[in-house]
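# quick one, structure for this:
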Amino acid sequence: MLSKSALQTAHPLKALLLGGTALCAVAVVGMAGSTRAAGMPVQGANDLSALSAAGNLATKVWTGAVTAGTAAFTTDATGTTAGVTLTAARTIVDWTSFTVASGNTVNFKFTNAATDIVINRVAAGQIDVQSGGTVTGKLGASTAGNIWFLAAGGVLLNGTVSANGVLAGNNTVLFDTTLLDPANTVPSIKTSLAVASSLIDVSGVVSASGATIAANGDISLTGTVDAGATGTVSLISQTTGKPGVIAESGAGLITAATLTGSSVGGASLIGANLFDNLAGFTNTGVGAVSVTDAKASGLTVTSAVNAGAGNTLTLTTTNAGPLTLNANLTA
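Presented below is the predicted three-dimensional model:
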């Protein structure tokens, strides 16, 4: 069923970005063991709360057909600010644990190109950037690079993450060859990651906080996801056998040029979202789909929106913004 306000759709799909770029190959994979640090990431013997300014080199275990690379870890004297220097187009760091507590900062320093990607992976447990914690990506003094977070136990981005692109997902099973082979484009990798898992994918000059993916694949947006005036936010909640719900609440706010996504159990994106285009949304299970857009210039539906048979679809524009339908709505 399509509600009257369906002529107003828009709730920004909060997605942390997956930067579109052709990445070259490099892998830095962590070692097992070591206890979890108090509020900073741990990679085998490298505890980012305890390293000296001289730092250490991550252990290289990649021996495939791609070029092996290194990541240098350093930490300031207080143990609250750590740097990870990256030298290749694509780098995987298998963390023993990844927590950034309030007051702590992890800076990813890209030295090759602004389009490079670092893939932070935790095989067991969560990635947790806590409120007050900060993660940045930079090339020189400029915001740059793509920061990906993959954790089987979910990704909690309640602090601030800034980069050219941020992606969060609960799929950690892709082979390193898939992630690192430069023949595999970023869109194709994203498709592979989303086959049986949830993703928050944000592209643009991104700043994100209050965006989480639970272990069951549900996506919750309680803070700001800002992809800038030209960026895209994509929300995909479809972990196999799970409800796949997307919900925005409290101070949840999406700012982007374009919002897109899919769900299994419905989506409620009803904050004061600011985006120009809804480039398609699909719900394949039971659950209403509601999207609100507060941009005064209005919202344009550029690709089909399908809430699923028997479900309600509500698209709402506020601030007198027009709703322009250039694609079909189905419910």
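# ok, so what distance separates residue 92 from residue 172?
From residue 92 across to residue 172, the span is 11 Å (Cβ to Cβ, to the nearest Å). Glycine gets a C-beta too; all of them are placed from N, C-alpha and C.
# need the overlap of contacts for these two.
Overlap of the contact sets of residue 92 and residue 172 (by Cβ atoms under 8 Å, 6 or more residues apart in numbering) consists of residue 121.
# the two - which one has more neighbours?
For residue 92 versus residue 172, the count of surrounding residues by other Cβ atoms under 10 Å is larger for residue 92: 25 against 17.
# for my notes, confirm the more buried one occurs in a strand.
Yes: the assignment for residue 92 is a strand, going by DSSP: H, G, I helix; E, B strand; the rest coil.
# in this structure it contacts residue 178, no?
No: with contact defined as Cβ atoms under 8 Å, residue 92 does not reach residue 178; the gap is 10.8 Å.
# where do the strands sit along the stretch 101-250 of the chain?
With strands called from DSSP state E, counting those that start in this stretch, the stretch 101-250 of the chain shows them at 105-110, 117-122, 127-129, 134-139, 142-143, 146-151, 155-157, 160-169, 199-208, 211-213, 219-221, 224-226, 232-237, 246-248.
# want to throw those into TSV with mean pLDDT, mean neighbour count and distance to residue 192?
Written out in TSV, the entries for the strands of the stretch 101-250 of the chain read as follows (pLDDT from 0 to 100; neighbours: other Cβ atoms under 10 Å; distance: least, Cβ to Cβ, whole Å):
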stretch	mean pLDDT	mean neighbour count	distance to residue 192
strand 105-110	93	22	23
strand 117-122	89	26	13
strand 127-129	95	26	19
strand 134-139	96	22	23
strand 142-143	94	14	27
strand 146-151	94	28	12
strand 155-157	95	26	17
strand 160-169	95	27	11
strand 199-208	91	27	11
strand 211-213	94	28	17
strand 219-221	95	27	19
strand 224-226	94	25	23
strand 232-237	95	29	12
strand 246-248	96	26	21
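# what's the neighbour count on the residue nearest to residue 42 when sequence neighbours are not counted?
In space, and not counting its chain neighbours, residue 42 is closest to residue 96: 4.5 Å by Cβ to Cβ, 6 or more residues apart in numbering. Taking other Cβ under 10 Å as the criterion, the count of residues near residue 96 is 23.
# so residue 96 is in contact with residue 120, correct?
No: Residue 96 is not in contact with residue 120 according to Cβ under 8 Å; the separation is 11.7 Å.
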